[in-house]
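Q: Need the 3D shape of this:
(one chain, ligands or ions: 5)
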Amino acid sequence: MASPDKYMSNTANLQKYLQLDQKGAVIAEYVWIDASGGTRSKCKTLPKKPQSIKELPEWNFDGSSTGQAPGDNSDVYLRPVAVYPDPFRLGENVLVMCETWMSDGKPNAYNFRHDAAVLMEKNAKHEFWFGLEQEYTLLDAMGWPYGWPKNGFPAPQGPYYCGNGTGKVFGRDIVESHYKACMYSGIMISGTNAEVMPGQWEYQVGPCTGIELGDQLWMSRFLLHRVAEEFGAKVTFAPKPIPGDWNGAGLHTNVSTAEMRADGGMKAIEGAMEKLSKRHAEHMKVYGEGNEARMTGAHETASYDKFSWGIANRGASVRVNRQCAEDGKGYFEDRRPASNADPYQITGMVVETLCGKVEG
Ligand code: ADP
Ligand code: MN
Ligand code: MN
Ligand code: MN
Ligand code: MN
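A: Ligands and ions are numbered 1, 2, ... in the order given. Just a heads-up that it's a prediction; the model follows:
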C-alpha cells in the first residue's frame, strides 16, 4: 500500500497546471455559508469574464448534503452577491460570494444576509461603517493548537501577544499568506497581529460600509480555511478553544455612523450606548455559540449577563477608545461578539437596535 503522504498535495506539481492556458474560459468558485458556520464552495466554468455581478448565473447545490435542506426538497439556490479576484488561480478567475435561497422563494434558514441587507439598504443614509477584528486559532491535523507540545501545554501566556521569535509565534507563514491573499482579492484587510494565546491570531477587516462588511469577512474566512488547508493546518473560530487560563477568541465589532464621525459625534455614541443597553440579551443571542465560556469577566472580557460601557475599558461590553473621547467623535467597539458569530447577524442587529426594525 502507498504511504499516506503519497496523497498529500504537491504544490510543485500543481504550479505546472495552474499556469496552463484556459483558452478564454474563466473559473468562478461559488462560496456559501453552511449550517455550521463553515464555508462550502463549488466551481463553474464561464465562457468569459463576468463584467458585473449580474452576469453571474444563479446556481444550486444539494442542501441535503450540507444539512441545509431536507432530502425530498434538497435544491438550495445560490444567488451571487459579491465577486472577488481569485488569489489561488489568478488570471481572470473569480470567487463569488452567494446567498442561499429555497425553491419557495424564501431565504435558506442559514441565510442571515438577506434581512441584514434590507436593514442596511433602508438605513443607507446613516452611512454605517463596520470594522471587525477576527480572532481565530490554528490547530494541527490532530486538532491541538498549532505549535503546542504534543499532549502538553506551552509556558503561560505573556510572551506571545504580538510576539517575535522562535517559541513565541506559531503559524506566521499561514498568517502572512492569508494577508496577501486577502489583499489580492480586494478584501479591506486592515491589519493582523499574534494573539495572547500561542497559535491564536487576529486580523481586521474594515472599515466597510453596510452589508459589504459581512461579504468581505465571510470571504476572508473562506480564504483563511483554504490557505491553512495548503499548510495542513486547521482553523477554529471556537470562542474558547482551550479551557482554563488561556484567552478566548472574539470578533470585536467597531461601529460608526456619519453622525458619530462628525464633530460632536460623542453625543450620538452615548445615545447608541443607551439603546444597546436595553437589548443586551437579544444581542447575546446572535453574538456566537459558546460565548458564555469566553465572557467570564476575565481575559479582557465583560460579564455575559450585564451590559456596560466605558472609555478605554477592555473589561466593558463596549469600549470607546481614548482618542475618540478626546476628539469628541469617532466610533465604538462592541467587544461582546465571539469569533464564530455571523457578521451579517452582528451588523444587522446593531443597525436594528440603533435605527429600529424594518419589515423585510
Ligand atoms: P483594537 O485596538 O481593539 O485592537 P484594531 O486596530 O484591531 O483595534 O481594530 C480596529 C478596527 O476598527 C479596524 O478594523 C478598523 O478598520 C475599524 N475602524 C476604524 N475606524 C472606524 C470607524 N470610524 N468606524 C468603524 N470602524 C472603524
Ligand atoms: Mn452530482
Ligand atoms: Mn485588535
Ligand atoms: Mn485581539
Ligand atoms: Mn479590539
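Q: I'd like the C-alpha coordinates of stretch 19-34 written as PDB, please.
A: What follows is stretch 19-34 as a C-alpha-only set of coordinates in PDB (Å, rounded to 0.1, in the frame of the first residue of the first chain):
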ATOM      1  CA  GLN A  19      -0.100  28.000 -15.500                       C
ATOM      2  CA  LEU A  20      -1.900  26.300 -18.300                       C
ATOM      3  CA  ASP A  21      -3.900  28.500 -20.700                       C
ATOM      4  CA  GLN A  22      -7.600  28.400 -20.000                       C
ATOM      5  CA  LYS A  23      -8.500  29.200 -23.700                       C
ATOM      6  CA  GLY A  24     -10.600  32.200 -22.600                       C
ATOM      7  CA  ALA A  25     -12.800  30.400 -20.200                       C
ATOM      8  CA  VAL A  26     -13.000  31.600 -16.600                       C
ATOM      9  CA  ILE A  27     -13.400  29.600 -13.400                       C
ATOM     10  CA  ALA A  28     -15.900  31.000 -10.900                       C
ATOM     11  CA  GLU A  29     -15.800  29.500  -7.400                       C
ATOM     12  CA  TYR A  30     -19.200  29.900  -5.800                       C
ATOM     13  CA  VAL A  31     -18.900  30.200  -2.000                       C
ATOM     14  CA  TRP A  32     -21.700  29.900   0.500                       C
ATOM     15  CA  ILE A  33     -22.200  29.600   4.300                       C
ATOM     16  CA  ASP A  34     -23.300  26.200   5.500                       C
END
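Q: now what about it, what contacts it?
A: 39-50, 56, 59, 61, 66-68, 78, 80, 83, 86, 89, 91-100, 110-112, 218-219, 222, 342 (CB atoms under 8 Å, 6 or more residues apart in numbering). Quick note: C-beta positions are derived from backbone N, CA and C, even for glycine.
Q: Buried ones in that stretch, by neighbour count?
A: 26-34 (16 or more other CB atoms under 10 Å).
Q: Could you dump these into TSV with distance to A194 added?
A: Output for those, formatted as TSV (distance: CB to CB, whole Å):
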residue	distance to A194
V26	37
I27	34
A28	34
E29	30
Y30	33
V31	27
W32	31
I33	27
D34	29
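Q: Go through these and flag which are in helices.
A: Members of these lying in helices (criterion: DSSP state H): none.
Q: Please name the nearest non-neighbouring residue to the residue in the stretch 101-250 of the chain that ligand 5 sits nearest to.
A: At 4.7 Å from ligand 5, E133 is the closest residue in the stretch 101-250 of the chain, using CB to the ion. Setting aside the residues directly before and after it, E133 is nearest to H252 in space (CB to CB, 6 or more residues apart in numbering), at 4.1 Å.
Q: pretty sure that neighbour is in a strand, no?
A: Yes. Counting by DSSP: H, G, I helix; E, B strand; the rest coil, H252 is found in a strand.
Q: ok, now how distant is it from S339?
A: For H252, the distance to S339 (CB to CB, to the nearest Å) stands at 10 Å.
Q: who has more neighbours, those two?
A: Of the pair H252 and S339, S339 is the one with more neighbours under other CB atoms under 10 Å, namely 26 against 20.
Q: Let me see the contact set for that one.
A: With CB under 8 Å, 6+ apart, S339 has these contacts: 134-136, 237-239, 248-251, 288.
Q: Just the ones in helices from these, please.
A: Using DSSP H, none of those sit in helices.
Q: Just the ones of the residues you listed in strands?
A: Cross-referencing those against strands under DSSP state E gives 134-136, 251.
Q: how about JSON lines for those residues, with pLDDT and distance to G214 added?
A: What follows is those, written out as JSON lines (pLDDT from 0 to 100; distance: CB to CB, whole Å):
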{"residue": "Q134", "pLDDT": "98", "distance to G214": "12"}
{"residue": "E135", "pLDDT": "98", "distance to G214": "17"}
{"residue": "Y136", "pLDDT": "98", "distance to G214": "17"}
{"residue": "L251", "pLDDT": "98", "distance to G214": "12"}
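Q: Perfect, that will be all.
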